[in-house]
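K.L.:
this one's structure only:
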Ligand SMILES: Nc1ncnc2c1ncn2[C@@H]1O[C@H](COP(=O)(O)OP(=O)(O)O)[C@@H](O)[C@H]1O
Ligand SMILES: [Mg+2]
């Protein structure tokens, strides 16, 4: 359903993505792993054009776009069908929890306030935040902020969820509550791309693991293939270093 | 003669001072919004003109800006072939609107830039248009960052309105001088003292209004949210 071809992107003189190819099938839960600074976040952001590749193509079901001739209609169409959960949460700071979830529904999808509220309440229930619906972000913990971010993303009913290290900014004791929600989301069958350093978690929820290294996809396979018989020295070294961190 | 007799006389000029102030607040706000938009969006040439305008408004002494408007505007009007209708009051309104707008743009621009990049990313990723993003997310947060600086800019504006007497507008300051001359300069100290109180009160009111909005902002520390708490906080800060 989603296919990226030969994505290249550089910031100034540093090449960040060096021709990434990636295809995602409907229902895939694919975890992207790899060393820091290797372009994982940038790759996710290329999908919804928060980052602007210098070349490459994207195909999202019927929507096709060549990044050299990026067009607004295609970008908007893709943005409407994806939703992103950010490492830094990026919950709207001027809105309460429920307003965060309702706003895109009212503003972008033009739903009525009643309908938006109904959907928001359901999603907040799902992430366990019903009691916090009227709190402002400044009153919430990191875990609650991230669950707000997840509820906001789910509420727009995306075809693909993009998670960018959703637990990396959390205090260790708050990681569990967020992983639990993500597990619940991914097991509901929604296509997901998840950048993460939580190896055990990735292994348990994914049907695919994508190893990115130095701006390219260096390995792509089932969790067993990647974790139990790493195909390259770089991958084995990376898994080892991650393992010793945990 | 009773010293206090001059108070109503001074106050009779207050509406003009207030009219100039409010005109500059409103027109200046619009100018600042326009200048800031042009400056943050970096449209070639036009953004540079906006930069030029802001540095004029911020670096040329306000008295000089008043003179420039007072002597320059009639020329401009003649250029467009219409009658000379520029009174000192209108020149003052125009000059101070431009001054305030330029000054305010340097409050708005940093406030806009202070909004976390991630807030833009989130709104963009959800499909907000640029306008929707500004109206719903970035604008309200920028307002929060801008409020303290906005309060200051209003206070500076009020102070600078006192300069309009140099181009002959009959504000409270000019009126005070007329009264003093008429009274053979007997009550200079008293008159200036009353004037000082009038200006202090105007600034205090402006500052309290801005402070009210600061405390009401949802991004403020969550404690000050009920009406009673806002009132207490206002009294405490006054
Ligand atoms: N906005 C940016 N401007 C300049 N360099 C950037 C920007 N974003 C990311 N980079 C650089 O691009 C590289 C890849 O970043 P990123 O995609 O965040 O990696 P990862 O998510 O794998 O840690 C890093 O070297 C980072 O410093
Ligand atoms: Mg990253």
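P.N.:
Sure, I can see it. Source: prediction; values computed, not measured. Ligands and ions are numbered 1, 2, ... in the order given.
K.L.:
Can you check the pLDDT for residue 3?
P.N.:
No chain was given, so I picked chain A. pLDDT for residue A:3: 96.
K.L.:
please go with chain B instead
P.N.:
73.
K.L.:
Same check on residue B:75?
P.N.:
83.
K.L.:
burial measure for it, as a count.
P.N.:
Residues within reach of residue B:75, counting by other C-beta atoms under 10 Å in any protein chain shown, total 10. Placement of C-beta: from N, CA and C, glycine included.
K.L.:
Phi, psi for it please.
P.N.:
phi -60, psi -40 (degrees, to the nearest 10).
K.L.:
what comes into contact with stretch B:196-205?
P.N.:
B:10-11, B:14, B:21, B:155, B:158-159, B:162, B:172, B:238 (C-beta atoms under 8 Å, 6 or more residues apart in numbering or on different chains).
K.L.:
Next, check those residues against the strands and list the overlap.
P.N.:
Using DSSP state E, no member of the contacts of stretch B:196-205 sits in strands.
K.L.:
what residue ranges in the chain score low on pLDDT?
P.N.:
Answering for chain A, as no chain was given. Where chain A drops to pLDDT under 70, the residues are A:245-246.
K.L.:
hm, I was asking about chain B
P.N.:
Checking chain B against pLDDT under 70 turns up B:1-2, B:80-85, B:220-238.
K.L.:
give me that answer again for 90
P.N.:
B:1-7, B:9, B:40-44, B:72-87, B:168-170, B:178-191, B:214-238 (pLDDT under 90).
K.L.:
any chance you could map the helices in it?
P.N.:
In chain B, the helices defined using DSSP state H lie at B:6-12, B:14-41, B:44-59, B:62-79, B:88-114, B:117-125, B:130-133, B:139-161, B:172-182, B:188-216, B:227-237.
K.L.:
Name the stretch among these that sits most buried.
P.N.:
helix B:88-114 (a mean of 22; mean count of other C-beta atoms under 10 Å in any protein chain shown).
K.L.:
now for it, which elements pack on it?
P.N.:
helix B:14-41, helix B:44-59, helix B:62-79, helix B:139-161 (3 or more C-beta pairs under 8 Å, 6 or more residues apart in numbering or on different chains; DSSP states H and E).
K.L.:
tilt between that helix and helix B:172-182?
P.N.:
Here helix B:88-114 runs at an angle of 140 degrees relative to helix B:172-182 (axes from the mean of the first three to the mean of the last three C-alpha atoms, to 10 degrees).
K.L.:
angle of helix B:88-114 against helix B:62-79?
P.N.:
Using the same axes, to 10 degrees: helix B:88-114 against helix B:62-79 is 110 degrees.
K.L.:
got the contact list for the closest residue to residue B:94 other than its chain neighbours?
P.N.:
Distance criterion C-beta to C-beta, 6 or more residues apart in numbering or on different chains; nearest residue to residue B:94, sequence neighbours excluded, is residue B:69 at 5.1 Å. Residue B:69 makes contacts with B:91-92, B:94-95, B:98, B:167, as judged by C-beta under 8 Å, 6+ apart.
K.L.:
What is the nearest of those residues to residue B:140?
P.N.:
Using C-beta to C-beta, residue B:98 comes nearest to residue B:140 of those, at 27.0 Å.
K.L.:
residue ranges of the strands in chain A, please?
P.N.:
A:2-11, A:14-24, A:29-33, A:55-60, A:63-66, A:82-85, A:160-164, A:191-195, A:208-213, A:216-221.
K.L.:
What strands flank the third one, and is each parallel or antiparallel?
P.N.:
Strand A:29-33 sits in its sheet next to strand A:191-195 (parallel), strand A:208-213 (parallel), going by DSSP bridges.
K.L.:
do the longest one and ligand 1 meet?
P.N.:
In other words, strand A:208-213. No. Under the criterion of C-beta under 6 Å from any ligand atom, strand A:208-213 makes no contact with ligand 1; the nearest approach is 6.8 Å.
K.L.:
Double-check residue A:223 against residue A:205; I have them as touching.
P.N.:
No. Between residue A:223 and residue A:205 there is no contact under C-beta atoms under 8 Å: 9.2 Å.
K.L.:
Please work out how many residues are found near the closest residue to residue A:74 other than its chain neighbours.
P.N.:
Spatial nearest neighbour of residue A:74, excluding adjacent residues (C-beta to C-beta, 6+ apart): residue A:65 at 4.2 Å. Neighbour count for residue A:65, taken as other C-beta under 10 Å: 19.
K.L.:
Same question for residue A:45.
P.N.:
There are 22 residues near residue A:45, going by other C-beta under 10 Å.
K.L.:
Now it. Nearest residue, chain neighbours left out?
P.N.:
That would be residue A:51: by C-beta to C-beta, 6+ apart, it lies 3.7 Å from residue A:45.
K.L.:
need the contact list for that neighbour.
P.N.:
A:9, A:42, A:45.
K.L.:
Now tabulate the helices of chain B in a markdown table and tack on distance to residue A:149.
P.N.:
Converted to a markdown table, those look like this (distance: least, C-beta to C-beta, whole Å):
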| stretch | distance to residue A:149 |
| --- | --- |
| helix B:6-12 | 56 |
| helix B:14-41 | 26 |
| helix B:44-59 | 34 |
| helix B:62-79 | 47 |
| helix B:88-114 | 21 |
| helix B:117-125 | 8 |
| helix B:130-133 | 17 |
| helix B:139-161 | 17 |
| helix B:172-182 | 54 |
| helix B:188-216 | 26 |
| helix B:227-237 | 29 |
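K.L.:
Of all those helices, which one is nearest residue A:184?
P.N.:
helix B:117-125 (21.7 Å).
K.L.:
of all the contacts of stretch B:196-205, which comes closest to ligand 1?
P.N.:
residue B:155 (38.0 Å; C-beta to the nearest ligand atom).
K.L.:
Which residue is the nearest non-sequential neighbour of that closest one?
P.N.:
That would be residue B:203: by C-beta to C-beta, 6+ apart, it lies 5.0 Å from residue B:155.
K.L.:
how much space is there between the one you found and ligand 1?
P.N.:
43 Å (C-beta to the nearest ligand atom, to the nearest Å).
K.L.:
same check, this time on residue A:108
P.N.:
25 Å.
K.L.:
from the strands paired with strand A:29-33, which stretch is densest packed?
P.N.:
Highest mean neighbour count among the strands paired with strand A:29-33 (mean count of other C-beta under 10 Å): strand A:191-195, a mean of 24.
K.L.:
Run a quick check on residue A:105 versus residue A:155, I expect a contact.
P.N.:
Yes. Counting by C-beta under 8 Å, residue A:155 is a contact partner of residue A:105 at 6.1 Å.
K.L.:
what sits in contact with each of those two?
P.N.:
Between them, residue A:105 and residue A:155 share the contacting residues A:119-120, judged by C-beta under 8 Å, 6+ apart.
K.L.:
When residue A:223 and residue A:205 are compared, which one has more neighbours?
P.N.:
Taking neighbours as other C-beta under 10 Å, residue A:223 and residue A:205 compare with residue A:205 leading, 21 against 17.
K.L.:
How about that one: what's its closest non-neighbour residue?
P.N.:
Residue A:205 sits nearest to residue A:186 (C-beta to C-beta, 6+ apart), 5.0 Å away.
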